[in-house]
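1. Got a predicted model here, sequence first, then my questions.
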Amino acid sequence: MKNYQVMIFNAVILVGLGFYGYIISGSPTSFISVAIGAVLLILSFPVRNDNHVAAHIAVALTGLSVVVFFVVGFLRGNNIILIMAVVTLIAFIFYISDFLKRKKERESNN
């Protein structure tokens with residue numbers, strides 16, 4: 001999978017689980033993950049066209065989201081937030097490994 005595909009997948013999971021969490025709990029804080037998912041979905045289009053600035057913004061947002069989702073998920077004992085954290089962590093690991101692979105390819109071409 002390419003970075004933008006992983007980004008879209010992660011965004012869909014965040015939006016879907018965010019709405020599901022709102023339906024179950026009625027808490028408007030569930031829309032935080034929906035907003036993050038929407039931003040990632042919007043950023044996936046420039047990333048598809050190899051926009052490096054958008055890719056770095058998306059990686060930073062994903063990394064921050066991983067930390068926040070894990071902390072809040074463990075503090076509240078909320079499995080939905082922990083699922084979002086794990087999916088976002090997997091996406092973050094994928095982004096970092098793809099960046100390292102691209103860097104290695106650039107260095108080998110020089």
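-> Noted; the coordinates are in hand. Numbers count the residues shown, from 1 in each chain.

2. Who are the contact partners of residue 31?
-> 18, 22 (CB atoms under 8 Å, 6 or more residues apart in numbering). (Glycine included, C-beta is placed from N, CA and C.)

3. element containing it?
-> Following DSSP states H and E, one finds residue 31 within helix 31-48.

4. Just the C-alphas of that helix, formatted as CSV.
-> Taking C-alpha atoms only, helix 31-48 is exported to CSV below (Å, rounded to 0.1, in the frame of the first residue of the first chain):
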residue,chain,number,x,y,z
PHE,A,31,-15.8,14.4,17.1
ILE,A,32,-12.1,15.0,17.7
SER,A,33,-11.2,11.8,16.0
VAL,A,34,-13.6,12.6,13.2
ALA,A,35,-11.8,16.0,12.7
ILE,A,36,-8.4,14.3,12.6
GLY,A,37,-9.7,11.7,10.1
ALA,A,38,-11.2,14.5,8.0
VAL,A,39,-7.8,16.4,8.0
LEU,A,40,-6.0,13.2,7.1
LEU,A,41,-8.5,12.5,4.3
ILE,A,42,-8.0,16.0,2.9
LEU,A,43,-4.2,15.6,3.1
SER,A,44,-4.2,12.3,1.3
PHE,A,45,-4.9,14.0,-2.0
PRO,A,46,-1.7,16.2,-2.1
VAL,A,47,0.2,13.2,-0.7
ARG,A,48,-0.9,11.2,-3.7
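
5. Would you map the helices across the chain?
-> Secondary structure of the chain (DSSP state H): helices located at 3-25, 31-48, 52-76, 79-109.

6. okay if I get those helices as CSV plus mean pLDDT?
-> As requested, these are exported to CSV (pLDDT from 0 to 100):
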stretch, mean pLDDT
helix 3-25, 94
helix 31-48, 95
helix 52-76, 95
helix 79-109, 93
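
7. circling back: check the offset of the helix holding residue 31 from the chain's centre.
-> Relative to its chain's centre, helix 31-48 lies at 8 Å (CA atoms, centre = their mean, to the nearest Å).

8. Run the angle between that helix and helix 79-109 for me.
-> Angle of helix 31-48 versus helix 79-109, following axes from the mean of the first three to the mean of the last three CA atoms, to 10 degrees, is 20 degrees.

9. Fine, thanks again, bye for now.
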